[in-house]
Structure formats: structure tokens, C-alpha cells
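# 3D model of this:
(2 chains, ligands or ions: 6)
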Amino acid sequence: MKKYEIAKKKTLTPEIGQISVYAPLVAAKAKAGQFIILRVDEEGERIPLTISSAVDGLITVIYQKIGGTTLALDELNEGDCLHDFVGPLGQPTEVEDLGRVAVLGGGLGCAIALPVARALHEAGNQVDLIGGFKTKDIVILEEEMSQACTDLHICTDDGTYGYHGFVTGKLEELINSGVKFDHVFAIGPLMMMKFACKLTEKYGIPTTVSMNPIMIDGTGMCGGCRLTVGGEVKFACVDGPDFDGHKVDFDEVIARNATYKEHEAKAKEKHLCRLGGGAMNG
Amino acid sequence: MANMQMNKTPMPEQEPNVRNANFQEVALGYTMEQAQNEAQRCLNCKNKPCVSGCPVGIPIPDFIAKVAEGDLAAAYQLLSDANALPAISGRVCPQETQCEGKCIRGIKGEPVSIGRIERFVADWAAANGIANVATAPKNGHKVAVIGSGPAGLTCAGELARMGYDVSVFEAFHTPGGVLSYGIPEFRLPKAIVKREVENLQKMGVDIELNMVIGKVLTITELFDMGYEAVFIGSGAGLPMFMKIPGESLVGVYSANEYLTRINLMKAYKPDAETPILHSKKVAVVGGGNVAMDAARCAKRLGADVHIVYRRSEAELPARAEEVHHAKEEGIVFDLLTNPVSIEGDEKGHVQSITCVKMELGEPDASGRRRPVVIEGSEFKMEVDAVIMALGTQANQMSYGDTPGLEKTRKGCVAADENGCTSCTGIFAGGDAATGAATVILAMGAGKSAAKSIDQYIKSKG
Ligand SMILES: Cc1cc2nc3c(=O)[nH]c(=O)nc-3n(C[C@H](O)[C@H](O)[C@H](O)COP(=O)(O)OP(=O)(O)OC[C@H]3O[C@@H](n4cnc5c(N)ncnc54)[C@H](O)[C@@H]3O)c2cc1C
Ligand SMILES: Cc1cc2nc3c(=O)[nH]c(=O)nc-3n(C[C@H](O)[C@H](O)[C@H](O)COP(=O)(O)OP(=O)(O)OC[C@H]3O[C@@H](n4cnc5c(N)ncnc54)[C@H](O)[C@@H]3O)c2cc1C
Ligand code: SF4
Ligand code: SF4
Ligand code: FES
Ligand SMILES: [Mg+2]
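Ligands and ions are numbered 1, 2, ... in the order given. Now for the predicted structure:
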């Protein structure tokens, strides 16, 4: 196999794809909670994606087709090579001896939560995995999630499957039914993590969040990924991506992550146009 | 007969009002005639004071004499034997404090423009496809180099010349270190860096990109893989911030981030994938080369740019030429001025920067007069972006956990002038050992370390 070759590709939902990339040195070192940075082509931007699994020299990542680069990534097929692929970056998630834990995944965040839940489970913790989706049709990784935890709770916003409501609703229901969680992991959109932290703070449960600010190098040299955590500046790529959720200034990251909205909208449109044109010609 | 003109032969440049809107090289280089005219200003001094000012000991009067004679091939040979990357040093060395600072002609009038002649010779060689890539036969020994900045590239080149198998491990997807991600295209065209890297590859140097040492492989594992020595040339790339309120607002950049987006990721091109904010008015905090580069990039992206620096003009650490060029390009210098906070709008975007005026007091530990705040001088400047160019620190990612490797108080690798560290087989140089310094010092350190590595491997038998 060639360097950074896409060995396997799978469509999980129309919005979410999964690829396994040949990168044996990265795979040999990767741990739950770490990420890679890739570039699709020579002119491409650098984007971070979480390592979903690392087996047989292959790194699997799951991506949401949200904008220019993830759409371009999704155009590649098995046998194609990525231009660049670097990792494993960031600190691994701490999974030892936590006791009873709840792992909250929101949408695509379930893909990121999955390896964390698996590692927690394998380390001997009792794991409640609470996965939230908008609706039944876009539930992903159900089989994999059920194997990575003690109890799986699927939630849908519209009640078409599982618990009717948000993951935070399900978590509070479990707490109220008498379950005593020693630790909570919340992984997903910034808003979901922010509200999960508000809830766990109320119940005094230590909570780890996996932060996703805008990154370039992933090695600490640009400071673009900085967050304020407990009043101190931290670089998510080297100090994180995991942080104590009760200390993170979420509003600041939410603003910073919208820095390039205009550029991103144009890049996405340009890309969709190109795809549309291609389809017409083909 | 020597040319007794008092001033340097001028080098053609793009007009300030043209160049401040494009990213093409500012200084256009000498013609043969101009180079020879300038070469004839050299007096060929017997004691060669200029050479003592050059960290890599280029035989300056000798190569300049060859230019005066018109034998550029011989000039290039002399130059490139002493310095692997002359097209780069000719452009970015702070010559005024190095070789040219020692030149006799500088006592009355301007020194010989050694840098410009050096650049001319290197560019001539490149244009004619001439490269100094001869190597000794392979000796079968393997050396690993961490980082592909000037220190790493020079060390790798010197070792390849001696017959070593060298692998350079670089974290980024492009080699060159600061030469690629920091120094802008208009000062150092990336095609030149690329060409110098290709020359190393012609010498058999293997460059492994996307390899973050400390993460994907540790130094200990490099030894396990059969590398007999490791050179740490990982630079000093960690950005610093001021720790003032508002530093995480949208529109506040470290100079490293701003320059990386522009230079490495080409965000200045209209159709680039990587975004950058196109700001209207930018404050750049700092007075070094990094600040000048960030300011001149912001200008080229269409902003009205102010440099905010807490000391006076005389203390500006940037190369004289950069300050001169920045002023010509319309950048405003707010000297003796220091930021105290940055304010944002309701969306968290930078709206203004509040500064105080300073005056110079008693000299401090660095010998420079310490700036002190003038009471009641606080004022607000409306800006929509702030770039922090306050200096950088060592990034310990590659070596921080190496058993037995001593570090300095500032977290750099502790290394002597020969590049030797507290660990047998581990060598270091450039910014990783000294903290942020200069390209030519990094190259000099790479060269000395290569000698030490050669001695070390030979002594092992
Ligand atoms: C540590 C980390 C792990 C991540 N893991 C995953 C994952 O496993 N799967 C997944 O789908 N997404 C993940 N993300 C988010 C992913 O990087 C972005 O969705 C992606 O960069 C969007 O690129 P785009 O060009 O397709 O979309 P764009 O339209 O350019 O961006 C969409 C949004 O993504 C964010 N974003 C843009 N560029 C970057 C960047 N360079 N770095 C980080 N965020 C950016 C911004 O908030 C932006 O508004 C992760 C982010 C981080 C920091
Ligand atoms: C914007 C700017 C302008 C400058 N202008 C000038 C100038 O005009 N003249 C001048 O003389 N000097 C200038 N300098 C200073 C000069 O560039 C540096 O002193 C010089 O580049 C140091 O060289 P180096 O090889 O030690 O490190 P660097 O050039 O910093 O290279 C280090 C390399 O190591 C890589 N690396 C780091 N960590 C790892 C890791 N864990 N694994 C693998 N690779 C790693 C980095 O990605 C980088 O490529 C400037 C600096 C900056 C930032
Ligand atoms: S390498 Fe730098 S210091 Fe040495 S002669 Fe050339 S310009 Fe001067
Ligand atoms: S000091 Fe100046 S004049 Fe004398 S040899 Fe050196 S460059 Fe020539
Ligand atoms: S991404 Fe540049 S410092 Fe984290
Ligand atoms: Mg994008």
C-alpha cells in the first residue's frame, strides 16, 4: 500500500463519511482522544480529524461533510492518496480508574466519543454511552457503540428512535433515577458541550470535554487554537484537546470558531458548484 | 583600481507604492555590471575584518575578487564551500551587524554590500543550473536530523557531503522552517528555498515530511532504528502573548499564525483554501523582523498598518533594511507605545486597542534604556485586527521527554558551541539551542554540529 492511501471508504449517512488511511507509523502510536491533521491536495488547507480507530497500519477517521475541505475529502476514493497526513497529535484521553462514567456524543461527536468510550470500557470502567441524533435516519455507528460500553442509550431530538430529547435530558434522567456518575465525558458541538457542562456542574460531576477550535499546525507553533481554561490560555492541540469542561470559556471558542464564516461559505459554494458542474458533464 | 565611491551601488527595487500591493520580491538583484561595480569597492584587506563578522567564515574578499574579475563560477565555488545556502543568507542576513558591520569601507561611507554580491553570485549559479552537490562516497553511517530549518538543512548538507546517509524529519508538510512559514515571499521567494532543498536531495538527503518527532517517533526510537546520531534543529517556534485582556478576541493573531497562513498556506492568493482575515486597520505589536514581516503582509492584504513598539527607533531589533522598507511602504511606527488591553464588539471581534505612551528611563539588564509608562497617557486606537509579534520560545515537543537531555532555563536544548549536548550521540543547534536568533547563526550551528557528529561517529570506530 502507498503512503497515505485510502484503503477503505464507507458512507455512513449522506452527510458523514468514513475512511481508513494507510499510515503505519501513526497507527502504531495512536491512542484514544488523539487526532491527525490532513491535507487533501497540494493547495489544500490543513484540517484536524479525530482518530476513530488504529488497526493494522490503518487510521480510520469519520468526517462530516460540512464545508470545502471535507467535501473535497469525500471525493477521494479507495486507492487514492491524501497529500499529507500527520499525527498522532494531542494528548490521549485519561481513561484509568474513573468508576462509573457517562459518555455523551452529539451527532458526529458520537464518532469521536466512540474510541473514548471503548478505551474507558476496556480500562474497566462502567460506561453509559449516550448518543444523540436529530432523527432516526441519521443514527450512525450503533453496532460499534453498543460494543464499546456497558449500556447504550440512543436519543433523538424528534423522538423517532430511543429517548425523545437531547443527551443532556437523558443524562439528567439517569441521574434522577439514582445513578451516581463519577465522571462525564461530553463530545460534540460546542453548544451541546456547553449545556452538558452546565448540567454536570449542577450535580457536581467532574466533566471532560473534547475541544475543537480552529487549528493549523497542531504542534503548538501558531496559537490559533488557544482557549481560555480557568482563566489561563491553553493551546488545544498540545495541552488538549481534552479539558475540564467546567473551566472552559465556551463563548470565546464559539466566537473564534466563526472567524472565517464568510470565507467558508464561499469555499463551500465553489465546491458544490464544481461538483454540480462535474455531474452535468459526466 | 578600486572603486572609491562612498555609497553602495544601489540595487533596483520595486517602487514602494507598487510593491506594497503585491507579494513579489521587493529587491530585484544586481546586474553583472552593478555587481562588478560594487565588487570593485572591496579593498581586499589583508586582515579581512569582514570575515570575522560572518558566522560561517565565508572568504569574503576572495569571492568578491572573483566577481570583480568576472569569474562567477569560481566565486560560487568559494561561496558555496563555506555556506550551503548563499541565495538565502545574501537576502536575509542582518549584514549591518555582521560582515558589513566590520567592513573597513564602512568607517568613511557605506560598507561593501557583501550580501547583495553574495545574492548575485548565488542567483547566477541557480539561473545557470550550477549547484555544489558533490559528495564523498557513502560511508554507511546513518544520521537523523529533526527539523528542516536552516540549522537542520545545513547540518544535513554537510553530513551528506561527507558521505553520511541523512534523514531529515520535519513536522510540517513543507521543508524550510522559518524560511518557508515565516519569512514572506516578497523577501525570500519560496522557489529559492525549494531549490536549495532540491539540491540537498540531489546530494542524497532524505526528507521525511509530516513527521512530528516526540509524537510519531521519539529520539530514543530513532536510535533503535539504526541512526547513530541525532541532530535537534527544531527551532524556537512557540508564540508568546502579552497576557493582557482581550487577547483571544476574533482578529487577534500571533505573528506565527498570521505568517503561517500567508506564507506556508498561501492565504494571500485570492483562491486559497486557507482563510485569513482581510482587515482594515491592523496594530502589529513588536519591533523585530517578525513584526516587520507581519506588518508588511497586512499592508499587502489592504490594511492600514501601525507598528506598536514600546522602545524607541534606535532599539528596533529588526534588520535596518526591513525598517526602511516598511516605512517606505507606508507603515506607521507608533514608537514608545505599549498596549494595555484589546476591546471587542458584542460578537467578540476586535474593535480597538488601548495603549499607553512610554519614555526611556535608566538602562536595564540588556543595557538598553528601560521604557517607563507616562502617567495619564492612555489612548485608544480603533483597529479590527491585532498581531502579536513579541518573540518566540523553544518548542520542546521533539526532545522534552528524552532521558538525560539537559535543558536551559528557557527550555532550549543545552548545547555547547560544537553542538554537543549532555547525551552522547545527541547534538543540537540553531534556535532550538540559542532561542530565537538568525538564519546564519542557525546555519553556522548546523555546520559545527555536522563536524562534531562526524568526529563522534568516527571515534566510535
Ligand atoms: C481536535 C479536533 C478534532 C476534530 N475531529 C473531527 C472529526 O473526527 N470529524 C469531523 O467531522 N470533524 C472534526 N473536527 C472538526 C473539523 O476539523 C472541521 O469540521 C473541518 O476542519 C471543517 O473543514 P471544512 O473545510 O470542510 O469546513 P469549513 O466550512 O471550512 O468549516 C466548518 C467549521 O469547521 C470549523 N473549522 C474550519 N476549519 C477548521 C480547522 N482548520 N480546524 C478546526 N476546525 C475548523 C469552523 O468552526 C468552521 O466554521 C475536529 C476538530 C478538532 C480541532
Ligand atoms: C518571521 C520571521 C522573520 C525572520 N527574519 C529573519 C531575517 O530576516 N534574518 C535572519 O537572519 N533571521 C530572521 N529570523 C530568524 C530566523 O528565521 C531563525 O533564527 C532561523 O530560522 C532559525 O533556524 P532553525 O533551523 O534553528 O529553526 P527553524 O527555522 O525554526 O526550523 C525548525 C524546524 O523544525 C521543525 N520542527 C519543530 N518541532 C519539530 C518536531 N517535533 N518534529 C519535527 N520537526 C519539528 C519546524 O517545523 C521547523 O521547520 C526570522 C524569524 C521569523 C519568525
Ligand atoms: S553569510 Fe551573512 S554574514 Fe556571512 S558574508 Fe554572507 S551575508 Fe555576510
Ligand atoms: S573589510 Fe570590506 S573592504 Fe575589506 S576585504 Fe572585507 S569587504 Fe573588502
Ligand atoms: S494549532 Fe497551532 S498552536 Fe495549536
Ligand atoms: Mg475549510
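
# where does A:Asp137 land in three-state SS?
In the three-state summary, A:Asp137 is assigned as helix, counting by DSSP: H, G, I helix; E, B strand; the rest coil.

# What pLDDT is listed against it?
Per-residue confidence for A:Asp137 comes out at a pLDDT of 91.

# Surely A:Val184 touches A:Gly99?
No: contact criterion C-beta atoms under 8 Å: A:Val184 and A:Gly99 do not qualify, at 11.6 Å. C-beta: built from backbone N, CA, C; applies to glycine.

# is it true that B:Leu390 lies in a helix?
No: under three-state DSSP, B:Leu390 falls outside any helix and is assigned coil.

# That one: how many residues sit nearby?
B:Leu390 has 16 neighbours, counted by other C-beta atoms under 10 Å in any protein chain shown.

# contacting residues for it?
B:239-242, B:285-286 (C-beta atoms under 8 Å, 6 or more residues apart in numbering or on different chains).

# just B:Leu441 next, same as before
For B:Leu441, the residues meeting the contact criterion (C-beta under 8 Å, 6+ apart) are B:55, B:430, B:434.

# ditto for A:Phe166
Neighbours of A:Phe166 in contact, by C-beta under 8 Å, 6+ apart: A:132, A:155, A:157, A:192, A:195.

# Hmm, A:Val167 and the fourth one touching each other?
So the one you mean is A:Met192. Yes: distance between A:Met192 and A:Val167: 6.9 Å, which falls inside the contact criterion (C-beta under 8 Å).

# shared neighbours, the two?
Overlap between the neighbourhoods of A:Met192 and A:Val167 consists of A:104, A:106, A:132, taking contacts as C-beta under 8 Å, 6+ apart.

# Looking at those residues, which is nearest ligand 1?
Set against ligand 1, the nearest of these by C-beta to the nearest ligand atom is A:Gly106 (12.0 Å).

# do you know how far that closest one is from A:Leu98?
Between A:Gly106 and A:Leu98 the distance is 21 Å, computed by C-beta to C-beta, to the nearest Å.

# In terms of neighbours, single out the busier of the two.
In this view A:Gly106 and A:Leu98 are compared by other C-beta under 10 Å, and A:Gly106 has more residues nearby, 27 against 20.

# ok, that one to B:Val112 distance?
Counting by C-beta to C-beta, the gap from A:Gly106 to B:Val112 is 66 Å.

# can you list the weak-confidence ranges in chain B?
B:1 (pLDDT under 70).

# in what helix or strand does the closest residue to B:Asn132 other than its chain neighbours lie?
In this structure, B:Asn132 finds its nearest non-sequential neighbour in B:Ser80, 3.9 Å apart by C-beta to C-beta, 6 or more residues apart in numbering or on different chains. Using DSSP states H and E, B:Ser80 maps to helix B:72-82.

# how far is the strand or helix carrying B:Gln36 from where the chain is centred?
Under the criterion of DSSP H and E, B:Gln36 resides in helix B:32-39. The gap between where helix B:32-39 is centred and where its chain is centred comes out at 26 Å by C-alpha atoms, centre = their mean, to the nearest Å.

# Now do the buried residues in that helix.
With burial defined by 16 or more other C-beta atoms under 10 Å in any protein chain shown, the residues of helix B:32-39 counted as buried are B:34-39.

# how about these in a markdown table, adding distance to ligand 4?
Formatted as a markdown table, the buried residues of helix B:32-39 follow (distance: C-beta to the nearest ligand atom, whole Å):
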| residue | distance to ligand 4 |
| --- | --- |
| B:Gln34 | 16 |
| B:Ala35 | 14 |
| B:Gln36 | 14 |
| B:Asn37 | 14 |
| B:Glu38 | 10 |
| B:Ala39 | 9 |
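
# Out of those residues, which are close to ligand 1?
Residues shared between the buried residues of helix B:32-39 and the neighbourhood of ligand 1: none [C-beta under 6 Å from any ligand atom].

# could I get those residues as JSON lines with distance to chain A?
Formatted as JSON lines, the entries for the buried residues of helix B:32-39 read as follows, by distance: C-beta to the nearest C-beta, whole Å:
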{"residue": "B:Gln34", "distance to chain A": "37"}
{"residue": "B:Ala35", "distance to chain A": "36"}
{"residue": "B:Gln36", "distance to chain A": "41"}
{"residue": "B:Asn37", "distance to chain A": "42"}
{"residue": "B:Glu38", "distance to chain A": "38"}
{"residue": "B:Ala39", "distance to chain A": "40"}
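
# what number of residues lie near the closest residue to A:Ile51 other than its chain neighbours?
Nearest residue to A:Ile51, sequence neighbours excluded (C-beta to C-beta, 6+ apart): A:Ala30, at 4.8 Å. Each residue near A:Ala30 was counted by other C-beta under 10 Å, and the total is 26.

# just checking, A:Ala30 touches A:Ile59?
Yes: A:Ala30 is within contact range of A:Ile59, at 6.4 Å (criterion: C-beta under 8 Å).

# Which one's more surrounded, A:Met192 and A:Val167?
Between A:Met192 and A:Val167, counting by other C-beta under 10 Å, A:Val167 is the more crowded of the two (30 against 21).

# For that one, which residues are in contact?
Applying C-beta under 8 Å, 6+ apart to A:Val167 gives the contacts A:104-106, A:130-132, A:155, A:188, A:192, A:196.

# For it, which non-adjacent residue is spatially closest?
The shortest distance from A:Val167 to any non-neighbouring residue, by C-beta to C-beta, 6+ apart, is to A:Gly132 (3.9 Å).

# host element of the one you found?
Using DSSP H and E, A:Gly132 maps to strand A:126-133.

# Who does that strand pair with, and is each partner parallel or antiparallel?
Note on strand A:126-133: by DSSP bridges, its sheet partners are strand A:100-106 (parallel), strand A:151-156 (parallel).
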